[in-house]
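> Can you look at this prediction? I've put the sequence above it.
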Amino acid sequence: MIQFDRLDYRHVDVFATAAYRGNGLIVAFCDTLDRPAEQLRRITEEMRQFETIFVATTGDVDVIARIFTAEEELPFAGHPVIGAAAALHERLAHDRSTVNWRFVIDGRPVRVTSERDDTYFTATMDQGPAQSAAPLADDVREASVGMLGLEPHELLPLPLQVVSTGLPYLIVPVTPSGLENARIVGDRFETWLSGFGAKFVYVFDPHAREGRTWDNAGKVEDIATGSAAGPAAAYLFEHELAPGGVPLLLAQGRFVGRPSTIAVTRDSDDHLWVGGPVRPVASGTLELEGTCAS
């Protein structure tokens, strides 16, 4: 008889003031994460959210995590960490108002604070200081117009720049019409990005403080991208488009019918704290052959 491991999970919406808004996430609670990546990727594909985070606690507030899309494992992502902190708070520390977590993702330590609010939890993560590359050359600017389906006038006269707080994003500043019309064109996009060290693109209206990003095939638009919010805020600070001492609110998800708001604050050490509310949607248990047990 086949034996099945039981895997508990929590489905939450991140950067959402109510359920069925913001960015959906599956948080899977595991005893161990020592499992093949393909196995965990297939679970993510089955659950049909943009990402799944697999978490295992190694102490009262110590967490190791692995993050997957349906295509691949990621070395870092924002909304999965924020959502996982809220779900862990509910599961392990429901009697505490605030918990300061220590996550480790792909060897990288990440501080996360979760706090109980009137509905569920709010969580904020320390993405650390941003790393900004030099502005890209004019030929990249020219190529970006075609690669993103833009008209030349929809690209603002600001630098195109790769900025990272764990995942390197190409920040492309555009007009409001450019934000609306942007899309990934052709099948060479990932190769084009890798040529100057970017993993994903973030098309960004710096005046409205609203952005968009997709998987590199252009098939799936992300709803609210925590890993891009830090780089986008750092871009605004670097180019003096926003005051450094004031929390920023970045919008995303309007074009897929799930408007979301991400808060970013820069502290005195230039660390970027990214967060927002998390709301519960569902919980359950999967029966899975040969995977992690809860």
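In hand now; what should we look at? Residues are numbered from 1 along each chain as shown.

> domain parsing for this structure?
Domain segmentation of the chain under automatic domain parsing yields 5-128+277-288, 131-270.

> can you put the ones you listed in TSV and add mean pLDDT?
Output for the domains of the chain, formatted as TSV (pLDDT from 0 to 100):
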stretch	mean pLDDT
domain 5-128+277-288	94
domain 131-270	95
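
> For the ones you listed, give me a markdown table that also has mean neighbour count.
Quick note: C-beta positions are derived from backbone N, CA and C, even for glycine. Formatted as a markdown table, these follow (neighbours: other Cβ atoms under 10 Å):
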| stretch | mean neighbour count |
| --- | --- |
| domain 5-128+277-288 | 19 |
| domain 131-270 | 19 |
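
> Which residue ranges of the stretch 1-150 of the chain form strands?
Using DSSP state E, counting those that start in this stretch, the strands of the stretch 1-150 of the chain run over 5-14, 23-29, 52-57, 62-68, 73-74, 98-105, 108-116, 121-126, 131-132.

> Of all those strands, which one comes closest to E210?
Closest to E210 of the strands of the stretch 1-150 of the chain, according to Cβ to Cβ: strand 23-29, at 15.0 Å.

> now the angle between strand 62-68 and the closest one, please.
With axes from the mean of the first three to the mean of the last three Cα atoms, to 10 degrees defining the directions, strand 23-29 sits at 130 degrees from strand 62-68.

> sorry, back to before: nearest approach to P280 belongs to which of the strands of the stretch 1-150 of the chain?
strand 5-14 (5.7 Å).

> Just give the strands next to that closest one in its sheet, each with its orientation.
Partners of strand 5-14 in the sheet, by DSSP bridges, are strand 23-29 (antiparallel), strand 272-288 (antiparallel).

> could the ones you listed go into JSON lines alongside distance to I53?
Compiled in JSON lines, the strands paired with strand 5-14 are given as follows (distance: least, Cβ to Cβ, whole Å):
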{"stretch": "strand 23-29", "distance to I53": "6"}
{"stretch": "strand 272-288", "distance to I53": "12"}
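
> Quick one: closest of those strands to P129.
Closest to P129 of those, according to Cβ to Cβ: strand 272-288, at 7.2 Å.

> what's next to whichever strand or helix holds V203, contact-wise?
Using DSSP states H and E, V203 falls within strand 200-205. Outside strand 200-205, the residues within contact range by Cβ atoms under 8 Å, 6 or more residues apart in numbering are 148, 167-176, 178-179, 182, 184, 189, 193, 210-214, 216, 225, 228, 231-232, 235.

> And the strands of the stretch 1-150 of the chain: which comes nearest L286?
Among the strands of the stretch 1-150 of the chain, the nearest to L286 by Cβ to Cβ is strand 5-14 (4.5 Å).

> Mind listing the strands the strand holding V203 pairs with, and their directions?
Using DSSP bridges, the strands paired with strand 200-205 are strand 168-173 (parallel), strand 210-212 (antiparallel).

> so where do the helices sit in the stretch 101-250 of the chain?
With DSSP state H, counting those that start in this stretch as the criterion, the stretch 101-250 of the chain has helices at 138-147, 176-181, 189-194, 226-238.
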